[in-house]
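J.: give me the fold of what follows.
(chains A and B)
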Amino acid sequence: MNKKASYLFTVSHSRFTIHVLRNMQLARVIGTVVATVKNESLEGRKLLVVQTLNKDLEPSGKPMVAVDSVGAGVGELVFWCRGKEASFPFKREDTPTDCTIIAIVDSNAHVTQG
Amino acid sequence: MLLAKVLGNIVATQKNRRYENASVMLCQQITPEGEETATTVLALNAIDAGVGDTVLIVQEGWSASTAATGKSGAAIDSAIVGVVDRIDLLEDE
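T.: Alright, predicted model coming up:
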């Protein structure tokens, strides 16, 4: 499976790499992030580590961090919203995020094909 | 806009309020020649696209929100906005 499949494109430089995310994809929550010092509008928000999945629900690409808006927990199947719209579930100008979890998929069996 | 093939749909009960009554489709991006790529994406169904259809997906927030829910300002970043009937390409010489 193409490792870069979960990114729209990647910009590489000798000192850093920027991955530009794809819109709405399936992902599994695999962990949580604790950040004590952060933008004050992120206070009380849950930060989760998510692993993007392909259509067969197998991991594809690298894990990343998303802000939660629906009460997702570790192990759950979710999908997110990217870009400016990611801050819309919160008070508009309030939360600096470009990737927000906006729904929890009921179960693996609720991803149907064909 | 992306060219994609609809693979199936996704059921989520716990979701953002603006997603109510919307159907979320699992799609696989394809090339103009019709070959599947490794990328799968989700999109809201703004038209009545069904499984197996070749579709156009818009990946921009304002357009996707407006197409899928009739109003802008929702946390929606991709929507299916058309079903492709055919694609004509220049033949390789």
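J.: phi, psi for residue A:85 please.
T.: phi -60, psi -20 (degrees, to the nearest 10).
J.: what's the nearest residue to it if we skip its chain neighbours?
T.: In space, and not counting its chain neighbours, residue A:85 is closest to residue B:61: 3.8 Å by Cβ to Cβ, 6 or more residues apart in numbering or on different chains. Every residue, glycine included, has its C-beta placed from N, CA and C.
J.: tally of neighbours for residue A:53?
T.: Residues contacting residue A:53 under the criterion other Cβ atoms under 10 Å in any protein chain shown number 21.
J.: contact residues of chain A facing chain B?
T.: Taking Cβ under 8 Å from any Cβ of the partner chain as the criterion, chain A approaches chain B at residues A:1-2, A:5-6, A:22-26, A:54-55, A:60, A:69-71, A:79, A:81-86, A:88-89, A:100, A:102-106, A:110-114.
J.: report the buried members of these.
T.: A:5-6, A:22-26, A:54-55, A:60, A:69-70, A:79, A:81-83, A:85-86, A:88-89, A:100, A:102-105, A:111 (16 or more other Cβ atoms under 10 Å in any protein chain shown).
J.: backbone dihedrals for the residue nearest to residue A:85, both of them.
T.: According to degrees, to the nearest 10, residue B:61 has phi -60, psi -50.
J.: which ones are touching the residue nearest the centre of chain A?
T.: What sits nearest the mean C-alpha location of chain A, by Cα atoms, centre = their mean, is residue A:66, with 4.1 Å. Contact analysis of residue A:66 by Cβ atoms under 8 Å, 6 or more residues apart in numbering or on different chains lists A:27, A:47-48, A:50, A:80, A:97, A:99-101.
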